[in-house]
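Participant: Mind looking at a prediction? Sequence and model below.
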Amino acid sequence: MGWVKDKKAEELGRQAAEAYADPAKQVFAALLNSPASHSGISSEIGDWSQMVTAIEAEGWQLTHWTASLDTKGRPQAYPLFRRTNAGQAGGAQVWGH
């Protein structure tokens with residue numbers, strides 16, 4: 001299932017690059033859904049790490065993060081990124097349950 005994870009990260013990276021190319025866009029918001037293969041126990045969600053890395057590689061910096069459950073009870077996250085040149089300092093702020 002690694003190809004699914006790679007495809008998700010590749011697509012988000014492409015979208016992030018496209019958004020970064022537009023100087024009018026100051027933020028990039030994404031939806032990260034939980035992989036079907038995630039066991040539900042406390043551990044790294046590798047798909048999410050790879051997707052965040054792909055977005056940050058295009059010049060965005062994670063500034064806010066919130067999470068919730070989808071209609072089937074699986075976790076999903078809503079990270080918000082700002083341009084790295086927008087003068088934002090510090091780490092991500094977390095909101096959610």
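Facilitator: It's in. Model, not experiment: these values are computed from the prediction.

Participant: All the strands of the chain, residue numbers only.
Facilitator: Per DSSP state E, the chain carries strands over the ranges 27-29, 32-33, 60-69, 75-83, 93-96.

Participant: looking at these, which is closest to Gly46?
Facilitator: The minimum distance between Gly46 and those falls on strand 32-33, with 11.6 Å, by Cβ to Cβ. (C-beta placed from N, C-alpha, C; glycine too.)

Participant: need the strands of the chain in CSV with distance to Ala16, mean neighbour count and mean pLDDT, can you?
Facilitator: Shown next, in CSV, are the strands of the chain (distance: least, Cβ to Cβ, whole Å; neighbours: other Cβ atoms under 10 Å; pLDDT from 0 to 100):
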stretch, distance to Ala16, mean neighbour count, mean pLDDT
strand 27-29, 6, 15, 98
strand 32-33, 13, 18, 92
strand 60-69, 6, 16, 95
strand 75-83, 7, 18, 95
strand 93-96, 20, 10, 54
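
Participant: JSON lines for those, including distance to Ser42?
Facilitator: Below are these laid out as JSON lines (distance: least, Cβ to Cβ, whole Å):
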{"stretch": "strand 27-29", "distance to Ser42": "26"}
{"stretch": "strand 32-33", "distance to Ser42": "17"}
{"stretch": "strand 60-69", "distance to Ser42": "14"}
{"stretch": "strand 75-83", "distance to Ser42": "11"}
{"stretch": "strand 93-96", "distance to Ser42": "16"}
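
Participant: what's the closest of the ones you listed to Ser49?
Facilitator: Taking those one by one with Cβ to Cβ, strand 32-33 is closest: 9.9 Å.
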